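Chemist: Here is a sequence together with a model predicted from it:
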Amino acid sequence: MNYDFLKPILDPIIAAGPLFLIFIVFSLTGLVVGLKLLKAIRNGLMIAVGFGGVYIVVDYFLAKIGPAALALAERFGGVFTITDVGWAANAAVAWGSPWAYVIVLLLVVLNLVMIFTKMTDTLNLNIWDFWENIFGFLVVYVITDNITLSLICSLAFGWFSLMMTDFFAQQGYTEDLGFQGLSFYQGSNVIWGPVGHYVAKILDKFGWKKTNWTPEGIQEKFGVVGEPAVLGGIMGLLMGIGAGFYWIDVILLAISVATSLVLIPMMSGIVMQALVPVTEAAAAFMKKSVGGRQLFIGVDPAIAVGNTTNLAMVVLMIPVMLLFAFIIPGVVMLPLADLPSLLFMWIFLIAPNKFDLLRSFVTAIVVGFIGTVLGIWVAPWSTMVAKMQGINIAEGTGMSSMVNAFTPELFVAGVLGENYSRIGYIGVVAVLAVAIVISVVFRLRYLRNKKATVKTA
């Protein structure tokens, strides 16, 4: 099938980036759920403005902390064959595929089907992060050369991503982060929400309850030390010293981290304020359309990454992730470009641990270890996809990212693809079907328990 005729229309849209999609998608959603034209456009614009502010500050934070992470890596030394080029480069590889447009359409249809069959409570509007599903498709395709099977796998990954997105929101974690009525969709990275949930449960079982080492608890104990600006300054100082920076640069890094901790929540507040009319109208629309069900609006978790505990995890986990790269046998990629970007993973761990710094740090160590191990397999597959998309890579080297390593669907895609010749088309589909059936059983149990709770209330 040839989709080249779509390229002149869709390539500029994809190239415009997430803010363009956010404005268009939320404006259209406002119209669909009953907002008047000007109000729908105004809300779409303000949501884009809020996300624009978040992205600017996050980019600022990553740009300032990136050189410190690189300096720490260089102080460790070492030789690795795969370069961590960052998630944005891999997203560009994914969106560069002509099949990207087909996958987006299929995933939107899948979301609507799941809503009306009660298999999900999330209306996902975070179209940009479909790049992970597209990349999963490309991993299967580059190994098997089977388009149909690759599309089936991509849809299955989309199914599980929505299931995991629901889980995090249903547990109240999105609301705990300050975003009522929303859920966080970010491809299969959302699986770290359930992982964080159950690691936190295990810590509870062992008697390790909340230690009150939250930003609020620190502020209560030590006064101004717990304020976002001061805590950010301390983290920046420690990281700059560890990186071996000149004393002036250490202070500048402290100021940069403090700036990020203060500004990101402000930008997130703009998003939430603009989302209120959309979520209220969507609730009224769903009441008419599907019997009054409450839906979560799926958005980019970037709006929550400015949480003080989350940014503290970035600083704490950078040396840990570097250490893992050196001590775990078989690791072929040194965390570099995406090392600070792992804040998008840690955000799923802090709410289950009630924003406790120590518990969140322990949970992040567990997740960081798992992600590093997964990257052993994912990195070569990412390189294969990049080469298939026409990127010139020197022989004996490769490109991937730490975000790819923490994206479980890429690991599953590679494993299924590698075993395609052994278990065949039917075998791969059967594995996915069994997994989906299991997820449906859990979903039906959840709906039954929810119904019983409502009746009791």
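Modeler: In hand now; what should we look at? These numbers were taken from a predicted model, which means no experiment stands behind them.
Chemist: For V434, grab the count of nearby residues.
Modeler: 10 (other C-beta atoms under 10 Å). Placement of C-beta: from N, CA and C, glycine included.
Chemist: That one and F355: what is the separation?
Modeler: V434 sits 37 Å away from F355, taking C-beta to C-beta, to the nearest Å as the criterion.
Chemist: cool, and V378?
Modeler: Relative to F355, V378 is positioned 30 Å away (criterion: C-beta to C-beta).
Chemist: Have a look at the two and say which one is more surrounded.
Modeler: In terms of neighbours (other C-beta under 10 Å), V378 is the more surrounded of V378 and F355; the figures are 27 against 22.
Chemist: Could you check the pLDDT of the more buried one?
Modeler: As summarised for this prediction, V378 has a pLDDT of 93.
Chemist: V79 now?
Modeler: pLDDT for V79: 53.
Chemist: Wait, Y420 touches I143, no?
Modeler: Yes. Applying C-beta atoms under 8 Å, one finds Y420 in contact with I143, separated by 6.8 Å.
Chemist: Which residue of these two possesses the greater neighbour count?
Modeler: Each of Y420 and I143 has its neighbours counted (other C-beta under 10 Å); I143 has more, 21 against 18.
Chemist: From the chain's centroid, how far away is stretch 411-427?
Modeler: Mean C-alpha position of stretch 411-427 versus that of the full chain (C-alpha atoms, centre = their mean, to the nearest Å) differs by 25 Å.
Chemist: now the residue nearest the centre of the chain: how far from T122?
Modeler: By C-alpha atoms, centre = their mean, the mean C-alpha position of the chain lies nearest to Q186, the distance being 3.8 Å. The gap separating Q186 from T122 is 12 Å, by C-beta to C-beta.
Chemist: same question, I318
Modeler: For I318 relative to T122 (C-beta to C-beta), the value is 32 Å.
Chemist: more neighbours, the two?
Modeler: More crowded of I318 and T122, by other C-beta under 10 Å: T122, with 27 against 22.
Chemist: what's near enough to touch the more buried one?
Modeler: 111, 115, 162, 165-166, 169, 183, 185, 295-298 (C-beta atoms under 8 Å, 6 or more residues apart in numbering).
Chemist: Output stretch 81-88 in PDB with nothing but the alpha carbons.
Modeler: Extracted in PDB, the C-alpha atoms of stretch 81-88 (Å, rounded to 0.1, in the frame of the first residue of the first chain):
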ATOM      1  CA  THR A  81      28.900   0.800  21.000                       C
ATOM      2  CA  ILE A  82      25.500   2.400  21.100                       C
ATOM      3  CA  THR A  83      25.000   6.200  21.400                       C
ATOM      4  CA  ASP A  84      22.100   7.600  23.500                       C
ATOM      5  CA  VAL A  85      20.900  10.200  21.000                       C
ATOM      6  CA  GLY A  86      17.700  11.100  23.000                       C
ATOM      7  CA  TRP A  87      14.000  10.300  22.600                       C
ATOM      8  CA  ALA A  88      13.400  13.300  20.200                       C
END
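Chemist: could you point out which element follows the worst-scoring helix or strand of the chain on mean pLDDT?
Modeler: Within the chain, judged by mean pLDDT, DSSP states H and E, the helix or strand with the poorest mean is helix 215-222; its value is a mean of 57. Going down the chain from helix 215-222, the next helix or strand is helix 228-243, by DSSP states H and E.
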